[in-house]
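*Asks:* My questions concern the predicted model and sequence given below.
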Amino acid sequence: MGLRGMKYKGIVFDFNGVLFRDADLQVKSWQVIAKNLRGREMTDDELATHMHGRPNSYVLSYLAGRTIAGQELLDLIQAKESFYRELCLSKPRRLVLSPGAQDLLEALVHSNIPRTIATSSEITNLRFFIEHLRLDRWFDVAKIVYDDGVRPGKPAPDVYLAAVRNIGIAPSECVVVEDAVSGLAAAYAAAIGYIVAIGAPAALRRLSACNGVATAIKSLRDFPRERLLDRT
């Protein structure tokens, strides 16, 4: 839950839904895959539990009702992500950081606060985001943790444990910002010191109820900057 008044040494962001608001684009692209694999779209409950924050391999296996692996997995991932990237490019005014993100990232750079991203995106999408959103302005790209197909995805803690190792701090010294139930569960399982849930107003009650959540915000404009140490 975070100790009262405690300050933390670093921060890890989820990406989709946190630094980049794309939930509707993700849903649209996954619903196409769902109809192809099982003949019907996912319900809202399925989207919350089995899609948001989950790695592609999990979602595809869930939709197919069997384990998908090997070349079949790679082909389906590329089909889904190619469609998703086309949607992003078709809406260029949407291809920007989420409200408040750039100001917050500039402040983190100015204060020399260790920071990185832990995302369920795979490498092709990560490169797409780095190129179009210029993430290298604020992040050491080599320290970003993504779905490499090796480590377990969220809600397992592995992605956040890898992220805090990459920025050289302990989980208890770190802040995580997440928008998905599975991601919040991953941060809690990793024993992250201060967990911030972010989402639309209608989702905040559900997100706030997740284990370990210290605070819930509507956008990064509301991020509690006082929780981070100034290292300048």
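*Replies:* Here it is on my side, so go on.
*Asks:* OK, contacts around Ala190?
*Replies:* Contact analysis of Ala190 by CB atoms under 8 Å, 6 or more residues apart in numbering lists 157, 160-161, 164, 171, 176. From N, CA and C alone the C-beta is placed, and that goes for glycine too.
*Asks:* Actually, Ala185.
*Replies:* 154-155, 210-211.
*Asks:* about what we covered before: top of the contacts of Ala190 by neighbour count?
*Replies:* Val176 (31 neighbours; other CB atoms under 10 Å).
*Asks:* what helix or strand is the residue nearest to Val32 when sequence neighbours are not counted on?
*Replies:* Excluding the flanking residues, the one nearest Val32 by CB to CB, 6 or more residues apart in numbering is Phe83, at 6.2 Å. Using DSSP states H and E, Phe83 falls within helix 70-90.
*Asks:* cool, Ile195 as well?
*Replies:* strand 194-198.
*Asks:* Output that strand as CSV, restricted to C-alpha atoms.
*Replies:* In CSV, the C-alpha atoms belonging to strand 194-198 read as follows (Å, rounded to 0.1, in the frame of the first residue of the first chain):
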residue,chain,number,x,y,z
TYR,A,194,4.1,1.9,-4.3
ILE,A,195,1.5,0.9,-6.9
VAL,A,196,-0.5,3.5,-8.9
ALA,A,197,-3.6,2.4,-10.8
ILE,A,198,-4.6,4.5,-13.7
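*Asks:* Show me which of the contacts of Ala185 are buried.
*Replies:* Burial by neighbour count, 16 or more other CB atoms under 10 Å: within those this picks out 154-155, 210.
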